[in-house]
Each structure stands twice: as C-alpha cells, then as structure tokens.
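**Student:** Here is my input; please provide its structure:
(one chain, ligands or ions: 1)
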Amino acid sequence: MHDLPPLARFGGLVASDLRDVTSDPAALDSAGFWAVTADFEGGLVCARFGDVRTEPVPAPVPGAWHGPSAGDWTSSMDRAAYTAGVRRIREHIAAGDVYQANLCRVLTAPLPDRAGARADVDALTALLARGNPAPYAGTIRLPAHGVEIATASPELYLRRDGRTVESGPIKGTGRTAGDLLEKDHAENVMIVDLVRNDLGRVAVAGSVTVPELCVVEPHPGLVHLVSTVRAALAPRAGWAELLGATFPPGSVTGAPKSSALAIIEALETAPRGPYCGGIGWVDADRGTGELAVGIRTFWIDRALPGGPVLRFGTGAGITWGSDPEREWAETELKASRLLAVASGTYRETGRTAS
Ligand SMILES: C=C(O[C@@H]1C=C(C(=O)O)C=C[C@H]1O)C(=O)O
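**Tutor:** Sure thing, here's the model as predicted:
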C-alpha cells in the first residue's frame with residue numbers, strides 16, 4: 001500500500017522517520033543510519049532514517065498478509081529451459097570461458113485482488129521470522145521509491161566494522177550435510193578465491209585472510225557451506241570503493257566474474273532486481289554496516305499494468321561437475337519453504353500443507 005510509512009527492519013533493529021534518499025554510495029561514509037538496497041543490475045537506493053530502535057520482529061497479525069496462492073507462481077525459466085542453461089554453461093566451462101556461473105530464475109505470482117494494493121512486506125517479514133528464521137533477515141519498505149523487499153537471506157555480502165571488512169560467501173547446498181559432495185567444496189573454494197581477489201582490490205596489501213573455510217551451517221530446511229574472508233580496508237577506500245570492487249557478490253555471479261556476468265546476461269530471461277544484490281544497513285556514525293546477499297528474498301513489483309506481483313529468485317552455482325536435474329532440484333529446494341510461508345501453506349510442523 002502506497003501510504004504505508006517508510007520503514008526498515010534488520011533482525012532486532014527497526015528504523016523509521018525517513019530523512020533522505022540517494023543513489024550515491026559516498027553518502028554511506030557521511031553520517032546517520034542508512035538502509036541500503038543495491039539491485040543486481042546496479043541500481044542503488046540508500047535511505048537515511050532518523051529513528052532507529054531495538055525491537056524484536058513483531059508476531060504475525062492474523063490476516064495481515066495475503067500472499068499469492070501456492071499454484072499461482074510462474075518461473076522465468078521452466079525446468080527444460082533451466083536444465084538447457086546448465087548444459088550451456090558446461091559447454092562454456094569446456095571452452096575455458098568460465099569455471100563457475102550462477103544460473104538463476106525469477107518466480108512471479110500476482111498478489112490477490114484488493115489485498116495486493118494493501119500488501120505490506122513487513123507483514124511478510126513477520127511470517128518469515130517464524131517460518132524461516134535467517135541471520136540477515138530484513139525489510140525495506142519505501143513504496144514511493146519502488147522498494148518493497150522482505151529478505152530471509154542466510155548470506156553475508158559485506159560486514160564493516162571500522163576498517164575491518166568481512167564477507168561470508170556461501171556455496172554448497174544440500175538437504176543434509178550428507179548430501180554435500182566434493183563438488184560443493186570445490187565450488188566454495190572457487191568463490192572464496194574470487195572474493196579474496198575482489199576485497200584485495202581495496203584492502204591493505206597482504207591483509208586478506210580466510211579465517212573459516214567451508215563450515216557446514218544449518219538453515220531452515222537445508223545446509224550450506226559457508227566461508228569467511230576478512231581484510232583491512234585501505235585508507236583511501238570507503239563504501240563506494242568497496243561496492244565498486246566487489247559488486248555484484250561473487251557467490252551469485254561466478255568466476256571469472258566478468259565472463260560469468262556475460263553468460264548470465266545471455267542465458268537468464270528476467271532481471272534479478274534486488275535478488276542477488278545487496279540488502280542491509282550502514283551506520284555511518286559508528287563506521288559499521290552489514291549487507292546481505294539478496295537471496296531468499298521477496299519483493300513487490302507494482303509497475304505492471306496487470307496489478308502488483310510478488311517476486312522471488314532462486315538459483316545455483318554451476319560447475320563442470322553439475323548435473324542439470326540436480327541443479328534444478330537445488331533451486332526448488334531453496335524456494336519451496338519460503339514460497340510456502342509467503343502463500344500461507346507453511347505450518348509450524350515443518351511440513352507444507354500442499
Ligand atoms: C543463488 C542462490 O544461492 C547461491 C548459490 C548457492 C549454491 O550454489 O550452493 C548457495 C548460496 C548462494 O550464494 C539462491 O539461493 O537463490
């Protein structure tokens with residue numbers, strides 16, 4: 001609903017009282033508390049809020065969120081198109097163009113009549129907080145700026161504390177730890193190398209370290225391999241340089257990044273938007289900030305003549321060792337529980353009702 005007040009929520013923080021909105025990343029090194037969303041395609045919205053409080057995510061209000069029906073989701077690529085894309089990426093790998101590329105699809109469903117006009121991503125965040133808790137969960141609600149996002153991201157893109165910067169690339173997904181193959185470790189290490197290189201471009205020489213490599217982390221309904229890359233930011237570098245050196249995040253592009261981006265552009269049929277971008281907050285007064293990789297993320301698009309839609313992206317890292325059907329199944333696994341929460345068919349029993 002367009003008259004819902006601007007709001008941002010990140011874990012236990014809630015921000016209100018919108019002051020400024022800018023697309024200039026240098027603002028993040030000025031003053032104040034900023035909510036930040038960077039589209040995969042490069043659009044940046046930084047919103048400064050005057051009031052920031054610690055407040056747990058409120059309990060869902062029954063009836064506050066009317067999601068799409070479970071059967072109404074359509075995918076930008078169906079199974080045949082997706083598996084063909086995986087085969088095409090393997091050809092690129094054989095040709096030496098790339099050694100990993102992340103292939104993604106965007107799911108879309110109309111928001112129900114009337115309820116769509118009133119849809120509030122913060123009400124969805126309340127459901128996600130119960131149905132799919134995530135370390136980088138958040139809401140950014142700025143309808144007048146075309147930003148209505150609810151994320152349940154498990155993945156750290158950038159954390160900054162003064163001059164220390166960290167990234168937490170995820171690569172390797174299974175239902176259980178027993179599903180993880182050697183291939184998942186290889187995938188993770190490729191991306192860790194890429195992130196080391198990206199951070200190295202704006203880091204004090206020799207300061208880039210990997211304190212954790214391929215740690216198995218449980219998340220709702222699945223496990224991931226997670227690594228940590230840490231660096232000391234060079235004295236000349238701020239948020240603008242950091243984003244310039246590292247965006248889009250390596251885990252959702254591939255390696256080498258420039259070749260992976262060209263392949264993604266050729267194969268994917270829908271813009272990723274906030275999905276696979278960066279979503280989070282920056283406290284410019286304290287020199288701190290935390291941006292998630294915008295995966296496991298819903299957003300409302302009101303720009304279509306047919307009425308508002310809810311979108312959600314899902315994808316997987318493709319390497320030479322990829323089996324097309326397995327990669328499709330991985331994208332289904334990443335989406336199923338979250339779609340059930342958004343459609344109201346997820347029950348606390350851990351099962352979906354349909
Ligand atoms: C693209 C997604 O996930 C990315 C791909 C992963 C993988 O291939 O294992 C894991 C986490 C993300 O970096 C997604 O969740 O949509």
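
**Student:** ok, which stretches of the stretch 251-354 of the chain are helices?
**Tutor:** 257-267, 324-343 (DSSP state H, counting those that start in this stretch).

**Student:** Likewise for the stretch 101-250 of the chain?
**Tutor:** Using DSSP H, counting those that start in this stretch, helices in the stretch 101-250 of the chain cover 115-118, 121-131, 182-200, 239-246.

**Student:** Please enumerate residues in contact with the second one?
**Tutor:** By Cβ atoms under 8 Å, 6 or more residues apart in numbering, the residues outside helix 121-131 that reach it are 4, 7, 9, 57-61, 64-65, 67, 134, 137-141, 148-150, 152, 220, 298-300, 337-338, 340-342, 346, 348. To be clear about C-beta, it is placed using only N, CA and C from the backbone, and glycine gets the same treatment.

**Student:** Going by neighbour count, which of those residues are buried?
**Tutor:** Buried subset of the contacts of helix 121-131 (neighbour count, 16 or more other Cβ atoms under 10 Å): 4, 7, 9, 57, 60, 65, 67, 134, 137-141, 148-150, 152, 220, 298-300, 337-338, 340-342, 346.

**Student:** sorry, back to before: out of the helices of the stretch 101-250 of the chain, which one sits most buried?
**Tutor:** helix 121-131 (a mean of 22; mean count of other Cβ atoms under 10 Å).

**Student:** Residue numbers of the stretch 51-200 of the chain in contact with the ligand?
**Tutor:** With Cβ under 6 Å from any ligand atom as the criterion, the stretch 51-200 of the chain meets the ligand at residues Asn102, Cys104, Glu155, Ile170, Lys171, Gly172, Thr173.

**Student:** 8 Å - rerun?
**Tutor:** Applying Cβ under 8 Å from any ligand atom, we find that the stretch 51-200 of the chain lies next to the ligand at 102, 104, 154-155, 169-173, 184, 187-188, 191.

**Student:** Just send those residues back as a markdown table, with distance to Arg118 and pLDDT too.
**Tutor:** Putting these into a markdown table (distance: Cβ to Cβ, whole Å; pLDDT from 0 to 100) gives the following:
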| residue | distance to Arg118 | pLDDT |
| --- | --- | --- |
| Asn102 | 34 | 98 |
| Cys104 | 29 | 98 |
| Pro154 | 29 | 98 |
| Glu155 | 31 | 98 |
| Pro169 | 38 | 98 |
| Ile170 | 34 | 98 |
| Lys171 | 38 | 97 |
| Gly172 | 39 | 97 |
| Thr173 | 35 | 97 |
| Asp184 | 42 | 96 |
| Glu187 | 41 | 97 |
| Asn188 | 42 | 98 |
| Ile191 | 40 | 98 |
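
**Student:** which residues of the stretch 1-150 of the chain score low on pLDDT?
**Tutor:** 1-2, 114-116 (pLDDT under 70).

**Student:** which residues of it fall in strands?
**Tutor:** 7-10, 13-22, 33-38, 44-54, 74-75, 100-110, 136-142, 147-153 (DSSP state E, counting those that start in this stretch).

**Student:** Residues contacting the third one, please?
**Tutor:** When contacts are defined by Cβ under 8 Å, 6+ apart, strand 33-38 is touched by residues 8, 10, 15, 27-28, 44-49, 52, 140, 142, 147, 149, 243, 247, 274, 277-285, 289, 291, 294.

**Student:** pLDDT at Phe247, what is it?
**Tutor:** pLDDT for Phe247: 98.

**Student:** That one against Val293, yeah?
**Tutor:** No. Proximity of Phe247 to Val293 does not meet the contact threshold set by Cβ atoms under 8 Å, at 10.5 Å.

**Student:** Compare these two (neighbour count), which wins?
**Tutor:** Using other Cβ atoms under 10 Å as the criterion, Phe247 and Val293 rank with Val293 on top: 29 against 21.

**Student:** Which strand residues bridge that one?
**Tutor:** Gly278 (DSSP bridges).
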